[in-house]
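Enquirer: What follows is a predicted structure for the sequence shown.
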Amino acid sequence: MSTELRLTVLGCATPYPTVDNPCSGYLVSSGDTRIWVDAGTGTLAPLQRHVRLGELDAIWISHLHADHSADLLTAYYGALFADIRLAAPIPLYGPPGIADRLAHFLTNTSERSPVESAFAIDELHDGHQVRVGALTLTSRAVAHGIPAFALRAEADGRSLVYSGDTAPCPSLTSLAEGCDVLLCEAESAERPSSGEQVHHTPEDTGDTARAAGAGRLIVTHVGRFLTPQQAVARASARFTGPVDYAAPGATFVVG
C-alpha cells in the first residue's frame, strides 16, 4: 500500500450542497491510515467510495457549522444501528462542546443519546497534537467568529495544511509555514465593508499561501458569488506557486 500523503476531496460546497458537490469534507490518508476531515452535508456518501465508517482511524472537525459537521448525525446512526460493527468508538477530534451538540440533536427521549458509543471524543484546543497511525495532526485556533480550528497533517516528511473556515490570521500562517500543500478556503467574493471578517477572499488565500511559503495552493470552499475559475485566477495573482481547485472527487498527492 502507498505511503504517500494523499488528499481526496469529498466535497467543498457552501453553505449547502449542489447536485454534484457535497459540502466540506476530505479524506486524508497515508498508508493504511485514513482520516475523515470535516463531515459536511452529503460527504458521507462519497466517503464510502474509499473507506467504510468502521475502517476510519479518526474523524477531525474544524468547527460546528452544519456545512462542516452535519453528516456526523447520519454517521452516528450508521455506526450504531445499521450494518457497521465497530471494534471501538471512532476517535473524533472536534471543537469544545461537540459531544453535547450532537447529543442534543440526536436525543429523542429524556435519556441522553449515547454519542460516545459511536465516537471517542477528544476536544480540540489551540496547539492540540495527536498521532493517528502514520499521521501527526496539529490543530490551531483560527478566526471564524466561533471556536474553529485549522489542521496540519504530516506523514513521512510531507505536510498538508487545511484552513477550515477562517479569516486571514497569524495562527493559520504560522501553522502553514513551509507546508507542501495549503488547502485554503476562498468563500468571500469581497471583504466585508463592516463587521468582523470570518472568511478569506481569493486574494487573501493567495496572500496566506505566499506568507507561509507553501509549496502549492489548493483553493476550496468557494462561495456562491464566485466561480472556481475566478477564485483560482484571483489567488494566482497573489501567489506564484501552483494553484489548483479542490474539485469534488479529485485526489492530490502531497509533496
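Expert: In hand now; what should we look at? Residues are numbered from 1 along each chain as shown.

Enquirer: I figured residue 85 hits residue 54, correct?
Expert: Yes - at 6.4 Å, residue 85 and residue 54 qualify as touching, with contact defined as Cβ atoms under 8 Å. The way it works is simple: take the backbone N, C-alpha and C, and place the C-beta from them, glycine included.

Enquirer: So between those two, which is more surrounded?
Expert: Between residue 85 and residue 54, counted using other Cβ atoms under 10 Å, residue 54 has the larger neighbour count: 14 against 7.

Enquirer: measure the nearest residue to the more buried one once chain neighbours are set aside to residue 224 for me?
Expert: Leaving out its chain neighbours, the residue that sits closest to residue 54 by Cβ to Cβ, 6 or more residues apart in numbering is residue 84, at 4.7 Å. As judged by Cβ to Cβ, to the nearest Å, residue 84 and residue 224 stand 34 Å apart.

Enquirer: out of the two, which sits in the busier spot?
Expert: residue 84 (16 against 12).

Enquirer: so when I look at the more buried one, I'm seeing a strand, right?
Expert: No - the assignment for residue 84 (DSSP: H, G, I helix; E, B strand; the rest coil) gives coil, which keeps it out of a strand.

Enquirer: now that we're looking at it, which residues does it contact?
Expert: 52-54, 78 (Cβ atoms under 8 Å, 6 or more residues apart in numbering).

Enquirer: cutoff 6 Å now
Expert: Contacts for residue 84 were tallied using Cβ atoms under 6 Å, 6 or more residues apart in numbering; they are 53-54, 78.

Enquirer: ok, now residue 149?
Expert: By Cβ under 6 Å, 6+ apart, the neighbours of residue 149 are 62, 124, 139, 141, 164.

Enquirer: Please repeat the previous calculation with a cut-off of 10 Å.
Expert: By Cβ atoms under 10 Å, 6 or more residues apart in numbering, the contact set of residue 149 is 60-63, 93-95, 124-126, 128, 138-142, 162-166, 171-172, 175.

Enquirer: List buried members of those by neighbour count.
Expert: 60-63, 93-95, 124, 128, 138-142, 162-166, 171-172, 175 (16 or more other Cβ atoms under 10 Å).

Enquirer: Give me the subset of the residues you listed that lies in helices.
Expert: Among these, the residues falling in helices (DSSP state H) are 171-172, 175.

Enquirer: shared neighbours of residue 85 and residue 54, which are they?
Expert: Common neighbours of residue 85 and residue 54 (criterion: Cβ under 10 Å, 6+ apart): residue 79.

Enquirer: Show me the shaky parts of this structure.
Expert: Scanning the chain for pLDDT under 70 picks out the ranges 1-2.

Enquirer: What segments of it are strands?
Expert: Using DSSP state E, the strands of the chain run over residues 5-11, 25-30, 33-39, 58-60, 90-94, 119-123, 129-132, 135-141, 149-155, 158-162, 181-185, 217-220, 243-245, 251-253.

Enquirer: what's the most buried one of the ones you listed?
Expert: Ranked by mean neighbour count, the strands of the chain are led by strand 181-185 with a mean of 30 (mean count of other Cβ atoms under 10 Å).

Enquirer: Leaving out sequence neighbours, find the closest residue to residue 126.
Expert: Nearest one to residue 126, counting by Cβ to Cβ, 6+ apart, is residue 141 at 4.0 Å.

Enquirer: Please produce CSV containing the strands of the chain, extended by distance to residue 107.
Expert: Formatted as CSV, the strands of the chain follow (distance: least, Cβ to Cβ, whole Å):
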stretch, distance to residue 107
strand 5-11, 28
strand 25-30, 25
strand 33-39, 19
strand 58-60, 20
strand 90-94, 18
strand 119-123, 15
strand 129-132, 28
strand 135-141, 28
strand 149-155, 26
strand 158-162, 31
strand 181-185, 32
strand 217-220, 33
strand 243-245, 39
strand 251-253, 37
